[in-house]
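Colleague: Predicted model and sequence below, questions to follow.
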Amino acid sequence: MLGYYNRLSAEVYDLDKYIGRSFGDVEFYTQRLASCTGPILEPGVGNGRMLIPLLEQGHEVDGFDLSPDMLRLCRHHCSERGFQPHVWEGNMASIDLNQSYEAVIVPAGTFLLLHERRTSIAALQQFHHHLQPGGRLLVDTFLQPGHTRNEPVTSTWEAEDGSVITLEAKTTDIDAVHQYTISHHRYEKWKQGRLVQTELERFPLRWYGVEEFSLLLEQVGFTDITISADYQNGTYPVDAGSVITYEAVVRK
């Protein structure tokens with residue numbers, strides 16, 4: 001089995017999507033949740049890039065992630081800022097908590113990592129189950145135009161210790177029928193001209209049609225669905241490269 005958000009992959013995530021960096025999403029989510037007075041749940045919490053600004057706004061936020069290495073980073077960043085939120089290792093499709101939430105949030109396209117349709121439906125059902133009546137789900141998705149099979153793309157990051165991390169990513173499978181891609185990622189860490197660490201990752205990613213995902217939310221039981229493009233509330237997407245945010249409500 002290839003790794004999945006293991007140590008080197010998590011380190012790259014933390015360098016690229018560091019605490020304090022926003023793509024417009026941090027401002028959008030904090031604004032949409034400004035009136036929220038109850039607890040918030042963030043599945044796929046990652047390194048805490050969204051969690052920490054919400055904590056700083058005074059919200060009560062729990063989070064979980066499949067990756068122990070991402071959780072280690074999240075706890076570290078929270079501790080540095082004096083926060084100790086409840087974060088744990090868990091799976092979106094099988095959460096079973098003795099608590100309900102006023103909001104569930106899944107920013108940054110994290111939901112698309114559930115590339116199998118049945119698993120993604122199970123996760124939405126769990127979100128609905130754990131939301132209070134009148135509670136809200138906010139989730140980001142995006143399309144995947146222009147993928148080319150087996151064409152490598154290389155990226156580079158420099159770490160604080162002077163080491164350099166390279167990532168070679170290539171899409172190895174495009175399943176247009178079931179609407180997902182599989183990419184293989186090779187991470188390499190170099191220090192003083194020597195390779196000191198390497199890591200392989202299998203990276204699945206699903207896509208949904210804009211209206212398809214809205215219908216799926218309705219099927220699960222959500223109502224009052226708002227679609228927003230590029231963090232402009234209520235602006236319908238016109239560009240295939242847009243980030244698409246869905247806000248949906250549990251019926252009271």
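Modeller: Sure, I can see it.
Colleague: Could you check the pLDDT of residue 2?
Modeller: As predicted, residue 2 sits at a pLDDT of 52.
Colleague: For the nearest residue to residue 175 once chain neighbours are set aside, list each beta-bridge partner.
Modeller: Once flanking residues are discounted, residue 175 sits nearest to residue 181: 7.3 Å by C-beta to C-beta, 6 or more residues apart in numbering. Heads up, the C-betas are built off the backbone N, CA and C, glycines and all. For residue 181, the beta-bridge partners are residue 174, residue 205 (DSSP bridges).
Colleague: Same check on the one 5 residues further on?
Modeller: Residue 186 forms beta bridges with residue 168, residue 200, as assigned by DSSP bridges.
Colleague: same deal with the one 5 residues further on?
Modeller: Here residue 191 sits in beta bridges with residue 194, going by DSSP bridges.
Colleague: where do the helices sit along the stretch 51-200 of the chain?
Modeller: With helices called from DSSP state H, counting those that start in this stretch, the stretch 51-200 of the chain shows them at 51-56, 68-80, 117-129.
Colleague: hang on, the earlier thing: give me the neighbour count for the residue nearest to residue 175.
Modeller: Number of residues near residue 181 (other C-beta atoms under 10 Å) recorded here: 20.
Colleague: residue contacts, it?
Modeller: Contact partners of residue 181, counting by C-beta atoms under 8 Å, 6 or more residues apart in numbering, are 144, 147, 171, 173-175, 204-205, 207.
Colleague: could you turn stretch 80-89 into PDB, dropping everything but the C-alphas?
Modeller: Provided in PDB are the C-alpha atoms of stretch 80-89 (Å, rounded to 0.1, in the frame of the first residue of the first chain):
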ATOM      1  CA  GLU A  80       1.600  27.300  20.000                       C
ATOM      2  CA  ARG A  81      -1.400  29.600  20.100                       C
ATOM      3  CA  GLY A  82      -2.700  28.400  23.500                       C
ATOM      4  CA  PHE A  83      -5.600  26.200  22.100                       C
ATOM      5  CA  GLN A  84      -6.400  22.600  23.000                       C
ATOM      6  CA  PRO A  85      -9.300  21.600  20.800                       C
ATOM      7  CA  HIS A  86     -10.700  18.100  20.800                       C
ATOM      8  CA  VAL A  87      -9.100  16.600  17.600                       C
ATOM      9  CA  TRP A  88      -8.800  12.900  16.900                       C
ATOM     10  CA  GLU A  89      -8.100  10.300  14.200                       C
END
